[in-house]
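Enquirer: After the sequence you'll find the predicted model.
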Amino acid sequence: MEDEILELFDDQKTIRYRFISQIAKENNKIAGYLRKIFHISTNPDRQKRIDIYQKTLNELPFGSLEREKLIEYYAKIMDLERRIRKFVNAKIYNEKIENPNSTATADRFDYVFTRMREENVEPEIVAKFFNENAFAIFSLTMHPTNPTSMEYTIQGVIQDLPLTGRKKTIEEEVNETLAILDMIYYTTSKLRKQLIKTLEDFPEYKKVIDVNIPKIQASIWSADDGDGNENADIKALERAIQQLKQRIKELYLIDLKEISSREIDLIEQKLKSNSYKISEEFINDLISLKNTEEFIYKIRTFGFYYTQIDIRHNSIDIMNTLTYLLKMNHLHEDFLSLSLKEQKDFINKCLNNEQIIEKLKLTNQDELIKLNKTAGRIFGRLKLIPNDLDIFNKLIIGETKSIVNVLAVFLLLKASGNCVAEKETVLDIVTLSESVRDLQELPHLIAELIDHPIYRKHLSFRGKIIVMLGKNHTVRKNGRGAESFQEEALGKVYAMIDHIRSKYSELKHLTINGFSGGGAALQRVGGRVTEIPHNNGRIARYFHAKTLGPSLLTIQGHQMQILFSPTSICLHTLESLVAQNLHARVQTELKADGTHYVPPRHAPEGYDQNYHIGNFHKACQVMRETYFNFMGDLDDDDNDIESGNNSFNQLFANAPWVSVILGNLSSHPSKHANRNLNFDQITLRNIRGENPKLLTNTANTVERLKSIPYDELHAMYLCGKSARDFMRNTALSLHMTDFDLAWKTMIGEIRPNRDELKKLADQFDRKCDVNNSNKSTLAWLEFYAYDVAKLVQKCILNQGPSEDFNLTTPLKNSFPNLAQQLTIREESDEFGRYAEADMTNFINHNLDYVLTEREIATIQSCYAAADIVNAPEGGLNIELTRHKH
């Protein structure tokens, strides 16, 4: 594979210098600087590289037009190189996927069908599993947003097109999502062709599998994620609905032009005039024409709505909305003052009283908005659902705390004219558990919900329970140790299925579907995103569940571009998600004799798999305890103001806050930003506030791994998929860690020698309330990182550190091809990271310095360069370098 990586590097350089040649025609001076930067970037002498970088920055002062243009063009080159890597990686993948020794086995239809044939799975069972589980189900979200402007994101590297800009509107974010959906649209028929081609080798399965059943179920969050985002209002949702309908009609009209028939003009006219009320009418006009099978498959997949919409609101906002609704209609003056039992009883009474429901339906929307803007926004958005039933799919309750939150949603839905617990109901009610406390209570919550007659009736029509885990939020407040609580919660819910089906006959076909938020190790570069169904299957089996439904996931920001373009990668992603969901089912489902239809892969002979997976969960719990020892109980919302480690907060107050906040162009006002920020007077002081708190969860991995006997670390890696994902993710993070730049950024000095670092680290006091110096804190973190690296290498390779050991060693020794690719990326981006450090250091020493538009643009471009070059490659590179165990 080394030759292929070198080919990728050569392609990057070729395109890079072609682009610089184009820049030279407009600005030869800036082109000259870029040539110097990239020429020195591969020099093994770091000090020589830094000298050139610093000289360049000194000659082009911060705030100058020349600095702005240099960083903008530099960031465009980083984006261009990312796109080249994607295309070359697609080519490499297409060549490697045919290799029978590839670890991407379960990403392919043919592998899964082969395994089922080898295990003599009856065709009828294959058809049942295929119809129930073989789907690609995902939600496209816009946060964390990519940092480039809408026009640049969609159109790509254009020399004169602005790279960054102002915060995006929701409409612009929907347009960005539409560009991704278009790629999926064009790939949909290719997925069907791939399935048909594969089934030619499996005639026994070809007879029973309907290749015309749509396999893609996409949703979007752009206009509908109202959790803390007042911009996601009624008008934004209405506009998004129109955008989706308009775009799918445009695509259908384009496809119609490819069909040769005298009847096409009439069909086209009916489509333009909205004469078709449902998509089946459209299909009926096409079905008798020649060569329309692929087009009809697209129509079955996308309907007249293109994609479905998930609505998300926080449980607190939901409860407040109900409170204001009841107060306005004189049904209860202070609903939230009631106990949970009283709230539950009151909602039950309302749900079963048609007079109350009718009264609530007559609520004056304008008056509700006057009473409370958030309540009016949420209620108004729910009232849009009956107008477009096909387009709405899920209602997600953020931070679900109790059954009352779900019942409150039911009442709000009925009050807004929606069907609840009826055949016509269109929404799945999704619980989103984010705190460890909520995770621990999740199985009890599901059990209580199942026993509630209205919820149970609702399930009897919808046929599935969707439990969502908010990976990022949980880890941010609990450290990486929260992963075991997520797995335990999901596993216990999976294990409930038999009891539910046997207790309630109306739920005998119920499925439980795990929904993974975007903070999982797999979704943050620890492995292949498409393995989420595989991981959920492992979790289900560990907790003795006998089956599971298809898995769902969110795909965020840059991941959308990486996973769905070009079409070769898009096809692989879609096939992978479908195949992995099918494979997870056949590996988890138990036959009557208690064996799996397809035996799952177990740990190597001689290893007690469950024991070592238990070790990983034990280590996670130790890690969470250590996190609390360092940071306080951040999972306690009531204690959040007092939580945090003084020394860490003090050190990370000097992190690139300005870059993170200005560089993130999300419409979400609370996403990495101060809602009340005055963009006409931007200073570091008014961005970060007087007492900033930047949470960190890096400083607790050692205790986690030290809680396991040293000689059992490698066994834990071999036996536990979650452990392997975690270790790969950590090895990647360590490789990208640069303490030289950390000292430049947060201290403003050259990193001391090792002896001085040791003295500083020894001065560090680990207590939360101690104010260590920034130097001692950063020095201690460096030694801690080295301890983590040594344990990670032991986990992955069962090797101790060598004499030349450093933070990059675990990845280099474990996954050399991935390390080589990452090194190429880091060499390209080193100047951008150094420039960001230099600007951050300047701003840290000038807290009240007001940034001009030119300086803001420079900072945004610098952030875009770093974000682009470090964006995950969708696990593609990792697949080619993983070890098989």
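Expert: It's in.
Enquirer: CA only for contacts and neighbour counts going forward, please
Expert: OK.
Enquirer: Okay, the residue lying farthest from the centre of the chain and Tyr276: tell me how far apart.
Expert: In the chain, the residue that sits farthest from the middle, by Cα atoms, centre = their mean, is Arg262; the gap is 46.6 Å. With distances taken as Cα to Cα, to the nearest Å, Arg262 is found 19 Å from Tyr276.
Enquirer: related to what we said a few turns ago, and the residue farthest from the centre of the chain, helix, strand or coil?
Expert: At Arg262 the chain is in coil, as set by DSSP: H, G, I helix; E, B strand; the rest coil.
Enquirer: Please point out which parts of the host helix or strand of Tyr455 sit buried.
Expert: Using DSSP states H and E, Tyr455 falls within helix 453-462. Neighbour-count burial for helix 453-462 flags 454-462 (criterion: 16 or more other Cα atoms under 10 Å).
Enquirer: Show me the helices in the stretch 151-300 of the chain, by range?
Expert: Taking DSSP state H, counting those that start in this stretch as the test, the helices found in the stretch 151-300 of the chain are 170-199, 203-206, 234-256, 264-272, 279-286, 293-302.
Enquirer: which other helices and strands contact the last one?
Expert: Counting by 3 or more Cα pairs under 8 Å, 6 or more residues apart in numbering; DSSP states H and E, the packing neighbours recorded for helix 293-302 are helix 170-199, helix 279-286.
Enquirer: repeat that with 10 Å
Expert: helix 170-199, strand 216-220, helix 234-256, helix 279-286 (3 or more Cα pairs under 10 Å, 6 or more residues apart in numbering; DSSP states H and E).
Enquirer: how about CSV for the ones you listed, with distance to Phe19 and mean pLDDT added?
Expert: Formatted as CSV, the helices and strands packed on helix 293-302 follow (distance: least, Cα to Cα, whole Å; pLDDT from 0 to 100):
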stretch, distance to Phe19, mean pLDDT
helix 170-199, 25, 94
strand 216-220, 35, 96
helix 234-256, 33, 95
helix 279-286, 46, 96
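Enquirer: among the ones you listed, which is nearest Ser776?
Expert: Closest to Ser776 of the helices and strands packed on helix 293-302 is helix 170-199 (Cα to Cα; 42.8 Å).
Enquirer: Measure how far that closest one is from the centre of its chain, please.
Expert: 18 Å (Cα atoms, centre = their mean, to the nearest Å).
Enquirer: what's the angle from that helix to helix 234-256?
Expert: Using axes from the mean of the first three to the mean of the last three Cα atoms, to 10 degrees, the direction of helix 170-199 lies 40 degrees away from that of helix 234-256.
Enquirer: helices or strands next to the biggest helix by length in the chain in the packing?
Expert: Scanning the chain for the longest helix, with DSSP state H as the assignment, gives helix 65-96. Helix 65-96 sits against helix 2-26, helix 28-40, helix 46-59, helix 558-564, helix 567-588, helix 816-844, helix 853-869, helix 876-879, with contacts defined as 3+ Cα pairs under 10 Å, 6+ apart.
Enquirer: what's the average pLDDT for the third one?
Expert: Averaging the model's pLDDT scores along helix 46-59 yields 97.
Enquirer: now do the fourth one
Expert: Here the mean pLDDT over helix 558-564 is 81, rounded to a whole number.
Enquirer: Please export the C-alpha coordinates of it as CSV.
Expert: Provided in CSV are the C-alpha atoms of helix 558-564 (Å, rounded to 0.1, in the frame of the first residue of the first chain):
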residue,chain,number,x,y,z
HIS,A,558,-17.9,17.2,6.8
GLN,A,559,-18.9,13.5,7.3
MET,A,560,-21.7,14.1,4.8
GLN,A,561,-19.3,15.3,2.1
ILE,A,562,-16.8,12.5,2.9
LEU,A,563,-19.3,9.6,3.0
PHE,A,564,-21.5,10.6,0.0
